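Enquirer: heads up, no residue letters with this:
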């Protein structure tokens, strides 16, 4: 049995369908509705595991207008599962907005942990794991992006970024221009999928490395910290 009137933050697969936990499946099967970014993606997951639940779309476009409806459902005793397209919800994800509003209103929020691209990339990177700083996506504009890079230049821990394949080369150029060329860099793509790839290089050779790998999908980019 699950607690009524609770928002469950459920991690879903980042690639391989088997990434999801048993508790995650049990929760998705037990809640009244599933709140998701892309109903097509989530429907595919539920169908794979023979789970039939009402899906409610929740994304950057509709999060402000849809949040009151979801909070009302929770206050009425409905249970909801919040998921993202892949991995742990509310991390660089619109689900944060719903979680924050539920917390502010005293509604129970429970994590159902599981797959995370951030941690999956970190633990296989070979970079230090005792301290790390997650930044997420940098600005699309080069000037602002360089300022953001400069803001974590002195960070001694491993820095973790997200970037799309389309913008990866531009971000790489700004990293190389702003940070020391000796910094180690790890690029992770397609994690837990058939064509999983983890590439290790340094900033001096990063742009050359990008010409040798497929630039598709989204990348987790890890940069070694400042050792001064």
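Expert: Received it, and whenever you're ready, just let me know what you need. All of these numbers come straight from a predicted model, not from anything done at the bench. Residues are numbered from 1 along each chain as shown.
Enquirer: where along this structure do the strands fall?
Expert: 7-10, 33-36, 54-57, 80-82, 109-112, 132-137, 158-164, 184-189, 197-202, 218-223 (DSSP state E).
Enquirer: The longest one packs against which elements?
Expert: So the one you mean is strand 158-164. helix 117-125, strand 132-137, strand 218-223 (3 or more Cβ pairs under 8 Å, 6 or more residues apart in numbering; DSSP states H and E). Quick note: C-beta positions are derived from backbone N, CA and C, even for glycine.
Enquirer: can I get the strands of the chain in a markdown table with mean neighbour count?
Expert: As requested, the strands of the chain are exported to a markdown table (neighbours: other Cβ atoms under 10 Å):
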| stretch | mean neighbour count |
| --- | --- |
| strand 7-10 | 26 |
| strand 33-36 | 24 |
| strand 54-57 | 15 |
| strand 80-82 | 26 |
| strand 109-112 | 16 |
| strand 132-137 | 15 |
| strand 158-164 | 20 |
| strand 184-189 | 22 |
| strand 197-202 | 15 |
| strand 218-223 | 23 |
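Enquirer: To residue 174, which of the ones you listed lies closest?
Expert: strand 158-164 (10.8 Å; Cβ to Cβ).
Enquirer: Report the strands that pair with that closest one, each with its relative direction.
Expert: strand 132-137 (parallel), strand 218-223 (antiparallel) (DSSP bridges).
Enquirer: before we move on, the earlier item: could the helices and strands packed on strand 158-164 go into JSON lines alongside mean pLDDT and distance to residue 4?
Expert: Below are the helices and strands packed on strand 158-164 laid out as JSON lines (pLDDT from 0 to 100; distance: least, Cβ to Cβ, whole Å):
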{"stretch": "helix 117-125", "mean pLDDT": "97", "distance to residue 4": "31"}
{"stretch": "strand 132-137", "mean pLDDT": "96", "distance to residue 4": "33"}
{"stretch": "strand 218-223", "mean pLDDT": "97", "distance to residue 4": "36"}
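Enquirer: shaky segments in the protein?
Expert: Where the chain drops to pLDDT under 70, the residues are 1, 228.
Enquirer: how about the helices in it?
Expert: Under the criterion DSSP state H, the chain carries helices at the ranges 22-30, 39-48, 63-75, 95-104, 117-125, 142-151, 165-178, 206-210.
Enquirer: looking at the ones you listed, which is buried most?
Expert: Counting by mean count of other Cβ atoms under 10 Å, helix 117-125 has the highest mean neighbour count of the helices of the chain, with a mean of 19.
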